[in-house]
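Asker: need a structure here:
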Amino acid sequence: MQDPAPSRPPTAVVLGGTGCIGRHVCTAFARHGYRVVVVARRPAPHVAEHMFRPLDLLTASAAELDALFRDADVRASVVVNATDMAGATDLTSAADGGAGRAAELLAANEGLARTLVAALEGNPGRPRLVHIGTIHEYGPGQAGVPLHEEIEPRPANAYADAKLAASRTLLDAACAGRVDGVALRLVNTCGPYPTPAGFPGKLLPRLRAARQGAELSVRVVDARRDWIDVRDVAEACVLAAERPVSGRVFNIGSGIAVPMRELVAHCLSAAGLPDSGVTEEDRPGHGGVRGLGADWIQADIRLARDLLGFAPRFGLRQSLQDMWDAGATSR
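Answerer: Predicted structure coming up:
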């Protein structure tokens, strides 16, 4: 008798897999033994080792996604929505822009969530959907009080409102049994290859210029925010894909509210620059580093710890050092 053919490993389809978070999600699933399929408009060298499927997720239909997930070469076991449909270089700008911009953000984020639900609800394999949202869906927090999952969300801007609508679309469908899925609400991210839209990503080229002799002046607000390394985010996605939970939302963060001045000090240290040229703006929201609606962000991550087994591995200092080192070697 012939030995039975070995079973194929599970497949993780990463929507937005070429992005700043998506690339790390691809790496994490591959490290855990998954076949990875990257879905984006264009391929990218940093995910070239994975299977690639070109698709514009802003315009893709449920039928197109359904066909992709069922394709014989794919057969999705997990689908990760790692897209960030801000459509702007600066997330703060994405949060503004009037009614027209708000409608555009809502259509992009909640529209993709509806399309994903429609594509997955008839799939006989019941792929697990992991949706990446944002801590800003809760709206402004209270100083000294961690944000937990039972708080009633009150988003303070168009971007957060659109992300909340997408999360609710998925969670409502999961609670109704139409799909198998969970949502992760991320705090601010840092680590290797940061998004240019976030504060570390904006600071990085200025640090490089300062290393070449340019004057460096950084103004930060007197605020505290929670930061999580993108590699810890990616690991949380794997945990969320594998744990027997559905219809739940989990906060993913470090659980520590860090002064912005401390964050900048770590960045300067990583770049080998003196801790100077930094001033604090004592009136949050009036200049300096603008946030997306909160001067204090601290996630309560106990639910993710208890149900997913999540625990951050990278401290902030190490994360920012790795960010600098990765940027130095990729130029």
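Asker: Helices of the stretch 1-150 of the chain, start to end?
Answerer: Applying DSSP state H, counting those that start in this stretch to the stretch 1-150 of the chain gives helices spanning 22-31, 62-70, 91-95, 98-120.
Asker: Same question for the first one: list its buried residues.
Answerer: Of all the residues in helix 22-31, those buried under the rule 16 or more other Cβ atoms under 10 Å are 22-30. (C-beta placed from N, C-alpha, C; glycine too.)
Asker: Run through the helices of the stretch 151-300 of the chain in chain order.
Answerer: 158-175, 199-211, 230-242, 260-271.
Asker: Give the rounded mean pLDDT of the longest one.
Answerer: Spelled out, it's helix 158-175. For helix 158-175, mean pLDDT is 96.
Asker: For it, name the packing helices and strands.
Answerer: helix 91-95, helix 98-120, strand 128-134, strand 180-186 (3 or more Cβ pairs under 8 Å, 6 or more residues apart in numbering; DSSP states H and E).
Asker: do the shortest one as well
Answerer: With contacts defined as 3+ Cβ pairs under 8 Å, 6+ apart, helix 260-271 has these neighbours: helix 199-211, strand 218-221, strand 224-225, strand 278-281, helix 316-330.
Asker: The same query, at a cut-off of 6 Å, please.
Answerer: strand 218-221, helix 316-330 (3 or more Cβ pairs under 6 Å, 6 or more residues apart in numbering; DSSP states H and E).
Asker: got the angle between the longest one and helix 260-271?
Answerer: Taking axes from the mean of the first three to the mean of the last three Cα atoms, to 10 degrees, helix 316-330 and helix 260-271 form an angle of 40 degrees between their directions.
Asker: how much does helix 316-330 deviate in direction from helix 199-211?
Answerer: Using the same axes, to 10 degrees: helix 316-330 against helix 199-211 is 60 degrees.
Asker: Helix 316-330 vs helix 230-242, what angle?
Answerer: Using the same axes, to 10 degrees, helix 316-330 lies at 110 degrees relative to helix 230-242.
Asker: Just the buried residues of helix 316-330, please?
Answerer: Buried-residue list, helix 316-330, by 16+ other Cβ under 10 Å: 316, 319-324, 327.
Asker: again, but for the first one
Answerer: Within strand 218-221, the residues scored as buried using 16+ other Cβ under 10 Å are 218, 220-221.
Asker: pLDDT on that strand, on average?
Answerer: The model assigns strand 218-221 a mean pLDDT of 85.
Asker: Partner strands of that strand, with direction?
Answerer: Taking DSSP bridges as the criterion, strand 218-221 forms sheet pairs with strand 278-281 (parallel).
Asker: circling back to that earlier point, deepest of the helices of the stretch 1-150 of the chain, which one?
Answerer: Compared across the helices of the stretch 1-150 of the chain, helix 22-31 shows the largest average neighbour count, a mean of 23 (mean count of other Cβ atoms under 10 Å).
Asker: Show me the contact partners of that one.
Answerer: Applying Cβ atoms under 6 Å, 6 or more residues apart in numbering, the contact partners of helix 22-31 are 12, 14, 16-17, 36, 46-47, 50, 80, 82, 230-231, 234-235, 237-238.
Asker: Swap in 7 Å and give it another go.
Answerer: Contacts with helix 22-31, where a contact means Cβ atoms under 7 Å, 6 or more residues apart in numbering, come from 12, 14, 16-17, 36, 38, 46-47, 50, 80, 82, 193, 230-231, 233-235, 237-238.
Asker: could you flag which of these are buried?
Answerer: So, by 16+ other Cβ under 10 Å, the buried ones in those are 12, 14, 16-17, 36, 38, 47, 50, 80, 82, 193, 230-231, 233-235, 237-238.
Asker: what about stretch 188-207, distance to the chain center?
Answerer: Chain-centre distance of stretch 188-207: 13 Å, with Cα atoms, centre = their mean, to the nearest Å.
Asker: got the buried residues for it?
Answerer: 188-195, 197-204, 206-207.
Asker: How about stretch 46-55?
Answerer: Per 16+ other Cβ under 10 Å, stretch 46-55 contains these buried residues: 47, 50, 52-53.
Asker: what do you get for stretch 298-315?
Answerer: For stretch 298-315, by 16+ other Cβ under 10 Å, it's 298-301, 303-304, 307-308, 310, 312, 314.
Asker: Could you do stretch 146-156 as well?
Answerer: Buried-residue list, stretch 146-156, by 16+ other Cβ under 10 Å: 146-147, 149, 151, 153, 155-156.
Asker: which one of the residues you listed is nearest A107?
Answerer: P155 (16.2 Å; Cβ to Cβ).
Asker: Including pLDDT and distance to D172, could the buried residues of stretch 46-55 go into JSON lines?
Answerer: Formatted as JSON lines, the buried residues of stretch 46-55 follow (pLDDT from 0 to 100; distance: Cβ to Cβ, whole Å):
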{"residue": "V47", "pLDDT": "96", "distance to D172": "31"}
{"residue": "H50", "pLDDT": "98", "distance to D172": "31"}
{"residue": "F52", "pLDDT": "98", "distance to D172": "31"}
{"residue": "R53", "pLDDT": "98", "distance to D172": "27"}
